[in-house]
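[1] Dropping a prediction and its sequence here:
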Amino acid sequence: MITAELFAGRLVAGTPGELTVRLSNTGTGPCTKILFKLRLPAQVISLGGNDRIEVLRLDPGESRTVQLQVRPSQPGEWTATSTNFSYRDHWGTSNRRTDFAAVLRVVPKVAQPVAKPSYELTLITRELPYDEWDTLTGYVTNTGVAPLSRVTVALSGRVERHTSTARLGPVLPGDRGHFTFPVAARESGRTVPLGLGVTCVDAFDNKAEFVHKVSVAVHRTAEASTGKVRILYLAANPTRTDQLGLDRELRGIKETLRAGKDRDRFELDDHSAVRLKDMMQALLDFSPSVVHLSGHGTEDGRFLAETDAGAAKIVAVDGMAALFREFADTIRCVIVNACHSETLAQALVEHVDHVIGMRSRIGDRSAITFSVGFYQALAAGRPIDKAFSVGCAAIALHDKEGKGGDIPKLFRR
């Protein structure tokens, strides 16, 4: 289901202002061919921007925002509507909405004191590995009543980086704008001070500019100190479920790692018929940097482990997230190669830098093909993002219609 919202902040008669339109998918399946045409009231004049929004596809939870510049001609309450609001749902059914209406409140022009935009800066990354590339991430939260635009975050400090500036899109009241910097910390065993300079402008053209002093710890991970990428493969194939080719997947992964040019960097530990206590023990004993879960998933995102008797043991999403939170200091990537694992991946990425899940059901052959392609790229020295893309491309390559490559989804913290 697609919903439309119109944010205006404070509109003053005779003064230019901004409107922000947000289209969001609040349903459970993807929507396509989305069209929204905004009709402004006669008392609000358009100065610029596109009042016609066309989006090819929005997945559940995704949104698209567009800004328009306007100038109200007189104070009062005026209603904006839509002349065309339509989309196709995940069943392919065409939907046309005729109920959109938003009241724009315009106040008389009077002398107003200048107020700076209101926001909060949050740094998610608190530790960086020594002498290797990683990501420094955080977000800016709009705590005011007006949309923020021209939001930039500038990074300074004693880390190597590809770029020093991140430009964020419009940040609506109550929303967050996320930023990411690829960085490499070359000094270990200490806290590195950094500066994050935020610049933004609100709908009244009031500007805020401030440098926030933060710090991150730099440490040597097991991977950094030993040079090894430790991969933990955990598979479950309970009785009374469709039996998967997990042995073929594991064989393909082993052969791929042995054939890669960086084969000596990888160490693989595998466990089949995995029970919950097996999973916990393996995480404690092996200290992996990559965890690969293969098996079945329920439609609401829960993973199926096994009981002592080999039956299915449904594992709560929150329980898996709590477990992986305890190993977030070493795990850099989790692959959940199971049907409908997108929800679980979203929960795990709160604690792990990279998590791969499946948007929907994935066939056994496609799941194996993705794994082999992913580890082929990883063993060739490619980063996780590129290895994910190669895995997706491998699915499409082996499909006779070139489809299926959009089923895996990569989440980044």
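    Done, it's in.
[2] how about Arg263, phi and psi?
    phi -60, psi -30 (degrees, to the nearest 10).
[3] Please apply the same query to Tyr233.
    Residue torsions, per degrees, to the nearest 10, at Tyr233 are phi -100, psi 120.
[4] Now do Lys116, the pLDDT please.
    Reading off the confidence values, Lys116 has pLDDT 76.
[5] So it, which state does it fall into?
    coil (DSSP: H, G, I helix; E, B strand; the rest coil).
[6] and it, how many residues sit next to it?
    13 (other CB atoms under 10 Å). (C-beta placed from N, C-alpha, C; glycine too.)
[7] Need the pLDDT of Gly27.
    Value listed for Gly27 in the pLDDT field: 91.
[8] Please apply the same query to Ala208.
    pLDDT, Ala208: 88.
[9] Any idea what it is bridged to?
    With DSSP bridges as the criterion, Ala208 is bridged to Cys200.
[10] Any idea how many residues pack against Asp242?
    Neighbours of Asp242 using other CB under 10 Å come to 8.
[11] So it versus Pro108, what's the distance?
    The spacing between Asp242 and Pro108, counted by CB to CB, to the nearest Å, is 68 Å.
[12] Surely Ser371 touches Leu246?
    No - Ser371 lies out of contact with Leu246 (CB atoms under 8 Å); the separation is 10.1 Å.
[13] before we move on, which element is the nearest residue to Ser63 once chain neighbours are set aside in?
    Leaving aside its sequence neighbours, Ser63 sits nearest to Ser24 (CB to CB, 6 or more residues apart in numbering; 4.0 Å). According to DSSP states H and E, Ser24 maps onto strand 17-25.
[14] What pairs with that strand, parallel or antiparallel?
    strand 2-7 (antiparallel), strand 63-72 (antiparallel).
[15] Name all residues that make contact with the residue nearest to Ser63.
    Contacts of Ser24 were listed using CB atoms under 8 Å, 6 or more residues apart in numbering, and they are 2-3, 5, 58, 62-63.
[16] Ala328 too?
    Contacts of Ala328 (CB under 8 Å, 6+ apart): 351-352.
[17] Please apply the same query to Ala13.
    Ala13 neighbours (CB under 8 Å, 6+ apart): 72-75, 106-109.
[18] again, 6 Å this time
    72, 74-75, 106, 108-109 (CB atoms under 6 Å, 6 or more residues apart in numbering).
[19] Of those, grab the buried ones for ChimeraX.
    For the buried members of those, the matching ChimeraX selection, counting by 16 or more other CB atoms under 10 Å, is:
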select :72,75,106
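[20] Quick check: which ranges of the stretch 151-300 of the chain have low pLDDT?
    187-190, 219-227 (pLDDT under 70).
[21] Would you state the helices of it in chain order?
    Along the stretch 151-300 of the chain, the segments classed as helices by DSSP state H, counting those that start in this stretch run 222-226, 246-259, 276-286.
[22] Okay, buried residues for the longest one please.
    So the one you mean is helix 246-259. Neighbour-count burial for helix 246-259 [16+ other CB under 10 Å]: 246, 249-250, 252-253, 256-257.
[23] Show residues contacting it.
    So helix 246-259 is contacted by 235, 237, 266, 270, 294, 368, 371-372, 375-376, 379 (CB under 6 Å, 6+ apart).
[24] how does it look with 10 Å?
    229, 231, 233, 235-237, 245, 263, 265-268, 270, 272-273, 292, 294-295, 337, 364-365, 367-380 (CB atoms under 10 Å, 6 or more residues apart in numbering).
[25] Quick one: buried ones out of these?
    Counted by 16+ other CB under 10 Å, those give 229, 231, 233, 235-237, 265-268, 270, 272-273, 292, 294-295, 337, 367-379 as buried.
[26] which residues are common contacts for Ser371 and Leu246?
    What both Ser371 and Leu246 touch, as defined by CB under 10 Å, 6+ apart, is the set 233, 294, 337.
[27] Switch those over to JSON lines; also include distance to Phe36.
    Formatted as JSON lines, the shared contacts of Ser371 and Leu246 follow (distance: CB to CB, whole Å):
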{"residue": "Tyr233", "distance to Phe36": "46"}
{"residue": "Ser294", "distance to Phe36": "41"}
{"residue": "Asn337", "distance to Phe36": "37"}
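[28] And those residues, which is closest to Asp353?
    Proximity to Asp353 was ranked across the shared contacts of Ser371 and Leu246 by CB to CB; first place goes to Asn337, at 18.2 Å.
[29] quick revisit: any chance of the helices of the stretch 151-300 of the chain in TSV with distance to Thr135 as columns?
    Shown next, in TSV, are those (distance: least, CB to CB, whole Å):
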stretch	distance to Thr135
helix 222-226	15
helix 246-259	25
helix 276-286	23
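[30] for the residue nearest to Asp278 when sequence neighbours are not counted, which residues make a bridge with it?
    Nearest residue to Asp278, sequence neighbours excluded (CB to CB, 6+ apart): His271, at 5.6 Å. Following DSSP bridges, His271 is listed with bridge partners Leu234.
[31] and if you look at Val107?
    Val12.
[32] Distance of it relative to Glu249?
    Between Val107 and Glu249 the distance is 63 Å, computed by CB to CB.
[33] Kindly report the same for Lys37.
    In terms of CB to CB, Lys37 sits 48 Å off from Glu249.
[34] Would you check that the residue nearest to Asp278 makes contact with Pro288?
    No - under the criterion of CB atoms under 10 Å, His271 is not in contact with Pro288, lying 11.3 Å apart.
[35] ok, the two, which is more surrounded?
    Counted by other CB under 10 Å, His271 and Pro288 do not tie: Pro288 has more neighbours, with 26 against 16.
[36] For the more buried one, which residues are in contact?
    So Pro288 contacts 222-223, 229-234, 267-269, 282, 327, 330-334 (CB under 10 Å, 6+ apart).
[37] just checking, Leu6 touches Leu38?
    Yes - between Leu6 and Leu38 there is a contact under CB under 10 Å: 7.5 Å.
[38] now Pro72, which residues is it bridged with?
    Here Pro72, judged by DSSP bridges, has bridge partners Val44.
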